[in-house]
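Trainee: Can you look at this prediction? I've put the sequence above it.
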Amino acid sequence: MARKLKEHQINRDWCKGCGICVAFCPKQVLELDKHDKVVAVRPEDCICCKLCEIRCPDLAIEIILDEGEDND
Amino acid sequence: MTETKKIRFVQGNEACVEGAMYAGLDFFAGYPITPSTEIAEHLSERLPRNGGKFIQMEDEIASMCAIVGASLTGNKVMTATSGPGFSLKQEAIGYACMAEIPCVIANVQRGGPSTGNPTHVSQGDINQARWGTHGDHSIIALTASNHQDIFEITVDAFNLAETYRTPVILLLDEAVGHMREKLVIPEKGELPIVDRLRTSLGKDVDYHPYLPREDGRLPMSDFGGEHRYNVTGLYHDMWGFPSNNPTVVNQLLRHIVDKIENNIHSITRYKEHYLEDAQYILISYGSSARSAIQLAEDRRKKGEKIGVLELQSIWPFPSEVIREKCARARAVLVVEMNMGQVMAQVKAAVEKPKRVFLANRFDGKLITPHDIKSLLRMVQGRGV
Amino acid sequence: MAVKDYLRERFFPHMWCPGCGHGTILNSLLRAVEELGLKKNDIVMTSGIGCSARISGYVDFHSLHTIHGRALAFATGVKLSRPNLNILVPMGDGDALAIGGNHFIHAARRNIDITAIVMNNRIYGMTGGQFSPLSGPGIKATTAPYLTIDSPFDVVKLATAAGASFVARSTAYHARESTEILKKAIAHKGFSVVEILSQCPTHYGRKNKEGDAVAMLEVQKNNTAKIGSKALAENPNLIPRGIFVQEERPEYCSEYDKIIQHAQQR
């Protein structure tokens, strides 16, 4: 069953803009804004693989799934 | 099962072991080194019988670190060593000062510096006990000259470590450590035991591991218990988290020094021998005090008013006691087996430092009553 | 519980540089703890000194931030005195294998039930980029302006030879793999060593022209391969990843319990 995204919960205070999540997102969902903080610019393309969340060295990204999904 | 007998004939190192077990020692980590090794040997047998833990670590540093770790889970802990090992332990002793971890370090002194004179007596680590680790701090160091006193002072060392949340150095020496004499083991309850002061706060209450109570004491919470906090060698706030805020740094350093220096009266231990009318006072400690006491007894028989002030706590230095006791003495002789480490402190303590003399030996031989007598005669103006 | 429930959030953002692999290792480690369902009160994290050592301040466990190189010695005291606790000891490469090398091999020899995590970024970051015993030859560092000539330790081989009963390697890039390995390491009864290759873009990367954090992660991806993989068979120069040792061997605290039983019967 495909997982459905609710939102990218991004903690802008914690994000240091290293760009790891942007570079390794398989669907190019993320970009850094002019403040060097990550934003989800194409959330509709997100496949909820959570690679950004688990690799984020700042622990600043959380993929929130749609209700009923397993939000581990 | 000889150890259950009340009267025993033991080495000083064993008296220390008996004192530690009486005080409630749970955990010992050590590394073999002459002349302290018997402490480790005997504890390796005694501790597991009581359900305690003994571990021989890979080096002296590791031994010191391991006891700090074990103290944090709520154990009474100890290590034992001698000069070279005492040098290696210093960084972790400083950690225990800073993080306020109760622990006891026995240093059975031998001749130094370096490998020095491993199998012979010395009292050369007095200043190292005080200033071995870097930075401002305070420390408690105790000593004793006979086995009954070693037993009691070891119990005291654990009590003071728990009371003030601090490392306590037990400064023994090769002569008392290896000598055998009678030891009467007190009944349970005969000597007071200070147990770990633990917080009474419940799990949902914010616990401050580094916030002193009104009486200055800091209740602890065992690692593994309900309160999770941080322990660090960095300057830290009342939760234990690092801080370089000048106010925090200032207050913490004052606290770790003041908790000891302000309680010097409770910490100071000494014995008086023939002091009431003494014209000449010998100040001594550890095995050299035995010779000083012997000389005083000998000279008393000839009518000379000689007394001995035997120090049992060296740090914090009992300057006030010494100044008071020596106020009316014609001269003070410090009897020790080093180049005058305690003498320097005595000179700084008394009103007439020029009347303080040193009777010492540092060749690995126990200072004798005869050695002291020669110096005393010169001081008395009676020739050599 | 969520990963954030294991954090002391008030200290975030953390002090590590942008793109530092240590943050990812913290991330992977907390997921392992969470997936194992460990209770926070049952975990003690002991660390030494260095960038890596700051990790213990960020986790809501019992935390013991000690002195340089000695984390495993402190941890040994904690574990032997309270064997029911889970002990996590993250260390930097210099912390674990230069100043702490002796404690590392002896903890492995004892097979004491501690999880040692070597966060290997091949540099002393906190002091500004000096080479470490894991840098290897030909590396530029502030104390090697003409390149290093020192050979490195192979952490996996060293830990194996010293007697660790669980030995594994992963990278910050392979974060999910790291979590899976860490779960097994923590669950393993005995001394477990997990080396995780980490990146220090600030000091190592910049000095050695390896680019930013992303470029350094590309290196971790391209220069490593799973044990038993075709890629590794075809190119033995790749750094192998995976679990190298996983054996049941007498664990120190359990063996000491037998000593206690024996002593008490006498």
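Mentor: Arrived safely. Everything quoted here is computed from the prediction, not taken from an experiment.
Trainee: Only C-alpha atoms from now on, for both contacts and neighbour counts.
Mentor: Will do.
Trainee: ok, for the residue of chain A found nearest chain B, nearest residue in space, not its chain neighbours?
Mentor: In chain A, no residue comes nearer to chain B than residue A:14, which is 19.6 Å away by C-alpha to the nearest C-alpha. Leaving aside its sequence neighbours, residue A:14 sits nearest to residue C:13 (C-alpha to C-alpha, 6 or more residues apart in numbering or on different chains; 4.5 Å).
Trainee: Model confidence score at the one you found, please.
Mentor: For residue C:13, the model assigns a pLDDT of 98.
Trainee: The residue of chain A closest to chain B against residue C:15, yeah?
Mentor: No - here residue A:14 lies out of contact with residue C:15, judged by C-alpha atoms under 8 Å, at a distance of 10.4 Å.
Trainee: For the residue nearest to residue A:14, the count of nearby residues, please.
Mentor: By other C-alpha atoms under 10 Å in any protein chain shown, the residues close to residue C:13 number 17.
Trainee: What residues does chain A have near chain C?
Mentor: Counting by C-alpha under 8 Å from any C-alpha of the partner chain, the residues of chain A close to chain C are A:13-20, A:23, A:54-59, A:72.
Trainee: need the helices for chain A, in chain order.
Mentor: Secondary structure of chain A (DSSP state H): helices at A:20-24, A:51-55.
Trainee: Could you dump these into TSV with distance to residue C:50 and mean pLDDT added?
Mentor: Formatted as TSV, the helices of chain A follow (distance: least, C-alpha to C-alpha, whole Å; pLDDT from 0 to 100):
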stretch	distance to residue C:50	mean pLDDT
helix A:20-24	23	98
helix A:51-55	22	98
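Trainee: would you turn these into CSV with distance to chain B and mean neighbour count?
Mentor: CSV is the format used below for those (distance: least, C-alpha to the nearest C-alpha, whole Å; neighbours: other C-alpha atoms under 10 Å in any protein chain shown):
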stretch, distance to chain B, mean neighbour count
helix A:20-24, 29, 20
helix A:51-55, 26, 23
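Trainee: Output the ones you listed as TSV; include the columns distance to residue C:248.
Mentor: Shown next, in TSV, are the helices of chain A (distance: least, C-alpha to C-alpha, whole Å):
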stretch	distance to residue C:248
helix A:20-24	38
helix A:51-55	31
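Trainee: what residues are up against residue 59?
Mentor: Because you didn't say which chain, this covers chain A. Residues near residue A:59 by C-alpha atoms under 8 Å, 6 or more residues apart in numbering or on different chains: A:14-15, A:53, C:23-24, C:27.
Trainee: My question was about chain C, not that one.
Mentor: C:6-8 are the contacts of residue C:59 under C-alpha under 8 Å, 6+ apart.
Trainee: Compare those and tell me which has the most neighbours.
Mentor: Busiest of those [other C-alpha under 10 Å] is residue C:7, holding 20 neighbours.
Trainee: pLDDT at it, what is it?
Mentor: Value for residue C:7, per-residue pLDDT: 97.
Trainee: Any idea how many residues pack against residue 28?
Mentor: You didn't say which chain, so I picked chain A. Neighbour tally, residue A:28, other C-alpha under 10 Å: 16.
Trainee: that answer is for a different chain, and I need it for chain B
Mentor: As a burial measure, residue B:28 scores 30 neighbours (other C-alpha under 10 Å).
Trainee: same deal with the one 10 residues further on?
Mentor: Summarising burial for residue B:38: neighbours were counted as other C-alpha under 10 Å, giving 21.
Trainee: so what's it closest to, chain neighbours aside?
Mentor: Using C-alpha to C-alpha, 6+ apart, the closest residue to residue B:38 is residue B:13 (6.1 Å).
Trainee: Can you spell out which helices and strands pack onto the helix or strand containing the one you found?
Mentor: Assigned by DSSP states H and E, residue B:13 belongs to helix B:12-23. Applying 3 or more C-alpha pairs under 8 Å, 6 or more residues apart in numbering or on different chains; DSSP states H and E, one finds that helix B:12-23 contacts helix B:37-49, helix B:147-164, helix B:174-178, strand B:180-184.
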